[in-house]
Structure formats: structure tokens, C-alpha cells
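Undergrad: what's the 3D shape of this:
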Amino acid sequence: MKDKLNVFLKKYTISYLIGIVFLVINIYLNSLGPKILGLTFDALEVKAFNKATIFHYLSLLIIVSGLGFVARFIWRYLIMGNSRKLECYLREELFKHFQTLPTN
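TA: Next comes the predicted model:
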């Protein structure tokens, strides 16, 4: 059984690694949101605040949120999708093994 798992992992290693990279990117992008929001509120506290600065921060927040969504989708698709493939692969291997067993 361990050999069959190694065969699967060799086949999908690159996909898992790309998924992990996008997971780290997603974590980083999620940590930027509160920082940008804090800068936005700090810019609002100034008595002579600049509307362009507020617009810049808000557009940056929307871009970071969009990129976070894309990164989250990619890592979930790769890691969870491969987990589903692993589940199906192991079930098929188990079924093949059951077919080799005697019926009595």
C-alpha cells in the first residue's frame, strides 16, 4: 500500500507544491488587508485628508482582496482536488485488491 501511495505522490508532487505556494501567497495577501484598512482609517483622521489617497487605499484593498480570492481558489483547487484524486485512487486500489481475494 505504501508503494501505491508513493506512485500517486510522485505523479502529483508538482501540483501539491504549486498549491502550497499559492497557500502561502494567500496567507500573505490576507495579512495585507487589515494593514491597508488601517492606513485608510489613518488617512481619514487627518483634518485635511486627500480623496485621492483614500481612493488609492480603497482600490488597493479591492485589488488585494481579488488576488486573495484567486490565490485561495487555486490552492483549494490544487490541494483539495488532488486529495479527492487520492481518495479515488486508493479506493480503486482497494477494490482491485478485494477482487484478488478468494470468495469463500
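
Undergrad: From now on I want contacts and neighbour counts done on CA atoms only, so please keep to that.
TA: Fine.

Undergrad: And the pLDDT at residue 102?
TA: At residue 102, the model reports a pLDDT of 90.

Undergrad: okay, which residue is most central for this protein?
TA: residue 75 (2.6 Å; CA atoms, centre = their mean).

Undergrad: Not counting its neighbours along the chain, what's nearest that residue?
TA: Nearest non-adjacent residue to residue 75, counting by CA to CA, 6 or more residues apart in numbering: residue 19, 4.3 Å away.

Undergrad: Now the residue nearest to the centre of the chain: which helix or strand?
TA: Taking DSSP states H and E as the criterion, residue 75 maps to helix 51-75.

Undergrad: one step back: next up, the contacts around the residue nearest to the centre of the chain.
TA: Contact partners of residue 75, counting by CA atoms under 8 Å, 6 or more residues apart in numbering, are 18-23.

Undergrad: now those in CSV, with pLDDT and secondary structure?
TA: CSV is the format used below for the contacts of residue 75 (pLDDT from 0 to 100; DSSP: H, G, I helix; E, B strand; the rest coil):
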residue, pLDDT, secondary structure
18, 95, helix
19, 94, helix
20, 95, helix
21, 96, helix
22, 96, helix
23, 95, helix
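
Undergrad: Thank you kindly, that will do.
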